[in-house]
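Visitor: Here is my input; please provide its structure:
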Amino acid sequence: MAFELPALPYSVSALAARGMCQETLELHHGKHHQAYVTALNGFVEKDASLQGETLEAIVKRSNNNAQMAGVFNNAGQHWNHILFWQNMSPNGGGIPGKLETKLIADFGSVQAFKDAFKTAATTQFGSGWAWLVLTPSGKLACTKTPNGSNPLATGEGRALLGCDVWEHSYYLDFRNRRPDYVTNWLDKLANYEFAAAQL
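Guide: Down below sits the predicted model:
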């Protein structure tokens, strides 16, 4: 069965007042994410060993495999974007008590978490992602991955939040100001309710 582009959990205009315009969402979801899904399906169609595999299994199997670099890039980006759309909300920015308590316990304060996340996002050279993960030790941590990689591939933990820092995520709204995009994402777009539900 072919992989499919998931529907957005909100309208393409729903995040405009929070700093992500309709054109950004239309291009990012309808063009960029769709291209990853289409390419991944092309790889699966040509390789019988991938047919019937879950997306997670394909990401893990193709990670660090030079012969499967194309598979990994597209599978990883499909996985990342499925999470990314859920990681934003028209009502984003509010941190529920359960998650706030955990952030304070593991980072010292909510602001310290945001600072660590922003550092991860802004120091990722070129294209990539910043993540809030629940590590195998049970502590929260902020990490970053290049290109289409993710915590599922690296084994760094379960991803609770993932912020896309490829330029197509923010260029129409913030031009080359990635730090401003990340601050806005954390304060106005991030769906902390979703992150708390993953804990």
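Visitor: the residue most distant from the middle of this structure, which is it?
Guide: Distance from the C-alpha centroid of the chain, by CA atoms, centre = their mean, peaks at residue 48 (28.3 Å).
Visitor: which residues are contacting stretch 176-189?
Guide: Residues outside stretch 176-189 that contact it (CB atoms under 8 Å, 6 or more residues apart in numbering) are 15, 18-20, 88-89, 92-93, 114, 117-118, 121-122, 130, 163, 165, 167, 169-170, 173-174. Where C-beta positions appear, they are placed from N, C-alpha and C, glycine not excepted.
Visitor: now swap in stretch 120-138 and tell me
Guide: Counting by CB under 8 Å, 6+ apart, stretch 120-138 makes contact with 80, 113, 117-118, 140-147, 149-151, 155-167, 178-179, 182, 195, 198-199, all of which sit outside it.
Visitor: Need the pLDDT of the residue farthest from the centre of the chain.
Guide: Residue 48 is assigned 96 on the pLDDT scale.
Visitor: Packing partners of the longest helix anywhere in the chain?
Guide: In the chain, assigned by DSSP state H, the helix with the most residues is helix 69-86. Judged by 3 or more CB pairs under 8 Å, 6 or more residues apart in numbering; DSSP states H and E, helix 69-86 is in contact with helix 34-46, helix 55-62, helix 151-154, strand 158-164.
Visitor: starting at the chain centroid, how far to that helix?
Guide: When C-alpha coordinates are averaged (CA atoms, centre = their mean, to the nearest Å), helix 69-86 and its chain have centres 8 Å apart.
Visitor: Report the inter-axis angle for it versus helix 34-46.
Guide: For helix 69-86 against helix 34-46, the angle by axes from the mean of the first three to the mean of the last three CA atoms, to 10 degrees is 140 degrees.
Visitor: Looking at the helices and strands packed on helix 69-86, which one is packed in the most?
Guide: Highest mean neighbour count of the helices and strands packed on helix 69-86: strand 158-164, a mean of 23 (counted as mean count of other CB atoms under 10 Å).
Visitor: For that strand, what does the pLDDT average out to?
Guide: 98.
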